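A.B. asks: Model the structure of this input:
(chains A, B and C)
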Amino acid sequence: MNGVPLAGYLGLALFMFSTGVVGVLVRRNPIVIFMCIELMLNAVNLTFVAFARYRVQALPDDPVLAQSQTMAGQMMVVFVMAVAAAEVAVGLGIIMAIYRLRHNIDIDDMNILKG
Amino acid sequence: MDSSAIWIVIALPILGFLVQSLGGGLIVKAVGEAKSKSILGFLAVAPIALAFIIGAMITTKVGAGPATVVTGPSWIQIAGFSIPFEWIVDPLSMTMVLIITGIGSLIHLYATGYMAKEKDYARFFTYLNLFIAAMLILVLGNNLALLFMGWEGVGLCSYLLIGFWYKDTANARAANKAFIVNRIGDWGLVLGLFLIVCVVLDVVPKETRLLSYDVILPALKTALVAKPALATSIGLLLFVGAAGKSAQFPLYVWLPDAMAGPTPVSALIHAATMVTSGVVLLNRMHVVFECSPVASVVVACVGAFTALYGALIAFGQTDIKKILAYSTVSQLGFMFIGCGVGAYWTGMFHVTTHAFFKALLFLGAGAVIHAMAHDQDVRNYGGLSKYLKITFATMLVGFLAIAGFPFLSGFFSKESILGAALSGNQAVIDGVNYGAICGWVGLAVAFLTAAYMTRMMLLTFGGKTERWRTIEPNHDAHGDHHGLDKDHKPHEVGATMWVPLAVLAVLSAVGGLVLNGKFEEWLYPQGLAVLPKVAEHASNLQMYSMIVAFGGMAFGAAIYWRGLPASQGWDETKWSSIRLAQRDQFGFDSLTTDLSVTGGAELSKFLDSTVEHTVTSGRALASATSGAGGVMKFLQTGFVRWYAMVMLIGVVAFIGYFALAIHGGAN
Amino acid sequence: MDALKITPELLLFGAAAGLAAIAAVGVVAFNNAIRSALCLVVNFFVLAFLYFTLNAEMLGVTQIVVYTGAIMVLFLFVIMLLNLGSPEALEEKRDWKRPAGLAIGALFFATIGSQILMPLMKITTVSSRDDFGGPQAIGRTLFSQYAFPFEAVSVLLLIGIVGSILLAKRRMS
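C.D. replies: Below you'll find the predicted structure:
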């Protein structure tokens, strides 16, 4: 959209990311923590797409290189989405398994992650 | 055939290796142990023989023009540096390809007979085919990285094959020794490669293929002509690598021990092909040595000393394979004299003829050992010419060739080396012609060569006494006595074993006559890169050569004609001190072993008792780390969110630091 | 720095961004997991809209289908299965973690924001082709230059499927 500064998109992305960070730190519910991680991933996606659209640097002369630089940001978003889907499937599976084992998913009760 | 067919030449032994390693067990299971051997043997020999045929067809198309480079996919590709799989098809590489696959297929054929009673048939041919593949990569690779890949590959196969009968600790130790000594050579070679990359980068900064011959050879020429000191450093480092692989003093110590491997292996790897790869390296990188008289002198002098040293030691050996091993060390010294005095093609000429006659001698020795129930001591032989007629006839040709009998192959190649050394003027520092000195030493060594080879032949085949019938029951202290007794009757070997012997005998006889004088034109049609060519002929040399050859043979015959002299018999207390010294390599091997192995053990004991017990495991370090750990463990709570928070504090601090740094820089 | 011109596009973007930000705060602030999830759905929808404004149509559609469609439904299912919908299920404790988390988040926002937002304010003109985000362009690149990563991701997804089945199965037989 003409007239919108790149910084607008980046600012929104930064805000979403920070919100996600705060969520991970303060919430006890692992599912909400998961959602906050998704929020962070989407914030990063937004910066990828915004940079791809506004493209600060000039393109190289080589058409193949130019094509790859134009599309690189969007490609990254596609892969982030795919990886996020896999991550959610496995992560939620783990939460289910923990719940089945302990009948409780309070993240503050899980403290076996130490030597 | 087009030179891109070189891919097939390389692929065939690799295919053979894969078939033997992956399918060997299956074949044995499918058709049974006895039947599988003929199938496995065929599958081992066929690829090598086919590779030889294709290699010969490619060679007919190789001309005097610039070398053809066959480029394949990329191997290593990083910014500013790339190494493709590329093969060089030129006279030097194709000469080696023909030697490797030609002699290789003959020795494979021989091995099918020699190893027939062996259980691990497939494992043996797996290693042997892998060796051929690695050796081909070594000589055909168009860059030093591929050369190094092959270099390590042949080293690995050598190690595996020396230790083929690994259940015997002595064999395993010999394999380890070969591997470890070769590491010293690799150290030099790798440092040489690094130095070459640095030098080449200065000359052609835009080039990425920094190890390919077509790039580095012209670049090195421009860079090194005015800088002899740099050329000397590169040359000496490369020579350390060559000396390790080609068993030059003082790195020769692994080669005699390497005879612990099966005899076909000794013939193929430790006589005909692998040990000559140092000579190939010197031929490839000859431009470096041309720019540095010092490095050339070092190469020639080390070669001459090794030749003399190996020949002297050979007199004190009683194991037939050890005699041949020291003879190999000595002949390799000859090749390095040729390279050192600037007549690189004479080195390759001797590589070729030596491959013929030394492979023949080793295979013949294998036939003798086979007939004598695996006893390798020449003191237990005698009069064998009566039983082993074919072996004797073929080995006689090989013996005459190595001794320098006129118009056999060794005569020509040795003479061209000595001629170049005596007439050349490249290995000269401050007016002292070291090359000529090496040439005269070489002539003396030729005399010794004829003498010790006569000793070996007469002790094995000559005389009337069949000494194995009268072995004193307890002379054999080490106890590997394989049933030689007064009723033992030696048997001639089968056809798979004597056919290679016959072929090699023909090659040893006529090879020199056919190839004499052709190598210079064939390998260096444009002449050397920097220096003028060296003449191969010195006045009166032919006469001197004949005199030393016949003199040496006569000298040997005079002593050993009547069989084993009592002063060299089974009772080693009667040996003269000089011969004992020769047997023990003048104490050099035990000295280095003491210094490195025992000294290393002492050093590590010292480190263990003092450094380890006081500093590391004692109070100092241990209490410090455990104290620090005690403090740090309070950070590890086990709560995920605590970890996340710590991580984020780190992230914020990190970004903040850079933000401030950039901010400060902008102001 | 030139003053920003107020255009209708800017106003529209401001409204969308504000909605997305409010929804993001809602994800964290609501005690009830279902409400959090619904806020996240709103946020993802707005993001998809923003992708459209950036001419990345293909990604916008994918965003709706994958995130709001598939992933969020998965979340809601798990919340329902574990019966975490009720607010009492996991009452947040009011301890030192909340202010500490907020402080660190704010610090994070401030550090990065102060560095990047101001210099990039000037860039207001887009410079890529308008059709750079269409299905054709994406597909062409994905199946040529990025064919290997694409295949690798498909393997990853397969592993994800196998893993989640393994985890969700009642017990190994």
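A.B. asks: Near residue 5, how many other residues are there?
C.D. replies: Let's take chain A. Neighbourhood size, A:Pro5 [other Cβ atoms under 10 Å in any protein chain shown]: 19. Where C-beta positions appear, they are placed from N, C-alpha and C, glycine not excepted.
A.B. asks: Sorry, I should have been clearer: chain C.
C.D. replies: For C:Lys5, the neighbour count with other Cβ under 10 Å is 9.
A.B. asks: Kindly report the same for C:Ala20.
C.D. replies: C:Ala20 is flanked by 25 other residues according to other Cβ under 10 Å.
A.B. asks: Hmm, C:Asn43 and it touching each other?
C.D. replies: Yes: taking contacts as Cβ atoms under 8 Å, C:Ala20 lies within contact range of C:Asn43: 5.3 Å.
A.B. asks: Show me whatever sits in contact with both of these two.
C.D. replies: Residues touching both C:Ala20 and C:Asn43 by Cβ atoms under 8 Å, 6 or more residues apart in numbering or on different chains: A:Met16.
A.B. asks: Now do the buried residues in the worst-scoring helix or strand of chain C on mean pLDDT.
C.D. replies: Using mean pLDDT, DSSP states H and E, the weakest-scoring helix or strand in chain C turns out to be helix C:97-120, at a mean of 84. Across helix C:97-120, burial judged by 16 or more other Cβ atoms under 10 Å in any protein chain shown covers C:97, C:101, C:104-105, C:107-109, C:111-113, C:115-117, C:120.
A.B. asks: same deal with stretch B:407-418?
C.D. replies: For stretch B:407-418, burial by neighbour count (16+ other Cβ under 10 Å) applies to B:408-418.
A.B. asks: can you give me the helices in chain C?
C.D. replies: Here chain C has its helices, by DSSP state H, at C:8-29, C:33-53, C:57-62, C:72-81, C:97-120, C:135-144, C:147-168.
A.B. asks: looking at the ones you listed, which is buried most?
C.D. replies: Greatest average neighbour count among those goes to helix C:33-53 (a mean of 21), per mean count of other Cβ atoms under 10 Å in any protein chain shown.
A.B. asks: about what we covered before: closest one of the buried residues of stretch B:407-418 to chain C?
C.D. replies: B:Ser413 (53.6 Å; Cβ to the nearest Cβ).
A.B. asks: ok, that closest one - contacts?
C.D. replies: B:346, B:349-350, B:352-354, B:512.
A.B. asks: A strand includes B:Val493, no?
C.D. replies: No: assigned with DSSP: H, G, I helix; E, B strand; the rest coil, B:Val493 falls outside any strand and is coil.
A.B. asks: I'd assumed B:Ala371 was in contact with it.
C.D. replies: Yes: B:Val493 is within contact range of B:Ala371, at 7.0 Å (criterion: Cβ under 8 Å).
A.B. asks: Look at whatever residue of the stretch 551-667 of chain B ends up closest to chain A and tell me its secondary structure.
C.D. replies: Among the residues of the stretch 551-667 of chain B, B:Gly638 lies closest to chain A, at 3.5 Å counting by Cβ to the nearest Cβ. Of the three states, B:Gly638 takes coil according to three-state DSSP.
A.B. asks: Could you report the separation of it from chain C?
C.D. replies: 15 Å (Cβ to the nearest Cβ, to the nearest Å).
A.B. asks: give me the low-pLDDT residue ranges for chain C?
C.D. replies: By pLDDT under 70, the low-scoring segments of chain C are C:1-4, C:84-94, C:170-173.
A.B. asks: tell me the contacts of the residue nearest the centre of it?
C.D. replies: The centroid of chain C falls nearest to C:Phe44 when counting by Cα atoms, centre = their mean (5.4 Å). The contact partners of C:Phe44, by Cβ under 8 Å, 6+ apart, come to A:42, C:63-64, C:67-68, C:72.
A.B. asks: Those in strands, which ones?
C.D. replies: Counting by DSSP state E, those place none of their members in strands.
A.B. asks: the helices in the stretch 151-300 of chain B, which residues?
C.D. replies: Secondary structure of the stretch 151-300 of chain B (DSSP state H, counting those that start in this stretch): helices located at B:169-203, B:213-224, B:228-245, B:254-257, B:263-267, B:277-284, B:286-290, B:293-314.
A.B. asks: Per-residue pLDDT of the residue nearest to B:Tyr524 when sequence neighbours are not counted, please?
C.D. replies: Leaving aside its chain neighbours, B:Tyr524 sits nearest to B:Trp345 (5.8 Å; criterion: Cβ to Cβ, 6 or more residues apart in numbering or on different chains). Looking at B:Trp345, its pLDDT reads 89.
A.B. asks: re the thing from before, out of the helices of chain C, the one nearest A:Gly93 is which?
C.D. replies: helix C:147-168 (3.5 Å; Cβ to Cβ).
A.B. asks: Does anything pack onto that closest one? Which helices or strands?
C.D. replies: Secondary-structure packing of helix C:147-168 (3 or more Cβ pairs under 8 Å, 6 or more residues apart in numbering or on different chains; DSSP states H and E): helix A:63-102.
A.B. asks: follow-up on the earlier one: and the contacts of B:Ser413, which is closest to chain A?
C.D. replies: Comparing the contacts of B:Ser413 against chain A with Cβ to the nearest Cβ places B:Thr352 closest, at 49.4 Å.
A.B. asks: The closest one - how many residues pack around it?
C.D. replies: Residues near B:Thr352, counting by other Cβ under 10 Å, number 23.
A.B. asks: is it true that it touches B:Leu515?
C.D. replies: Yes: if you go by Cβ under 8 Å, B:Thr352 and B:Leu515 touch, sitting 6.6 Å apart.
A.B. asks: Need the buried residues of stretch B:407-418 in CSV (columns: pLDDT).
C.D. replies: Below are the buried residues of stretch B:407-418 laid out as CSV (pLDDT from 0 to 100):
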residue, pLDDT
B:Leu408, 88
B:Ser409, 89
B:Gly410, 87
B:Phe411, 89
B:Phe412, 88
B:Ser413, 89
B:Lys414, 89
B:Glu415, 88
B:Ser416, 89
B:Ile417, 89
B:Leu418, 89
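A.B. asks: Could you tell me which of those belong to helices?
C.D. replies: Per DSSP H, these map to helices at B:409-418.
A.B. asks: which two from these end up farthest apart in space?
C.D. replies: Using Cβ to Cβ, the two most remote members of these are B:Ser409 and B:Leu418, lying 15.0 Å apart.
A.B. asks: which residues touch the spatially most central residue of chain A?
C.D. replies: By Cα atoms, centre = their mean, the mean C-alpha position of chain A lies nearest to A:Leu41, the distance being 0.5 Å. Neighbouring residues of A:Leu41 by Cβ under 8 Å, 6+ apart: A:80, A:84.
A.B. asks: Summarise which helices and strands the helix or strand hosting the residue nearest to B:Tyr524 is packed against.
C.D. replies: Taking DSSP states H and E as the definition, one finds B:Trp345 inside helix B:344-371. Under the contact definition 3+ Cβ pairs under 8 Å, 6+ apart, helix B:344-371 sits against helix B:91-114, helix B:263-267, helix B:277-284, helix B:320-340, helix B:389-403, helix B:409-423, helix B:495-515, helix B:518-523.
A.B. asks: so after the longest one, what's the next helix or strand?
C.D. replies: When you say that, I think you mean helix B:91-114. Downstream of helix B:91-114, the next assigned helix or strand under DSSP H and E is helix B:121-140.
A.B. asks: Who are the packing partners of that following helix?
C.D. replies: Using 3+ Cβ pairs under 8 Å, 6+ apart, helix B:121-140 is in contact with helix B:6-18, helix B:24-31, helix B:33-61, strand B:81-89, helix B:91-114, helix B:144-162, helix B:277-284.
A.B. asks: Of all these, which one comes closest to B:Leu580?
C.D. replies: Taking Cβ to Cβ, helix B:144-162 is the member of those nearest to B:Leu580, at 26.3 Å.
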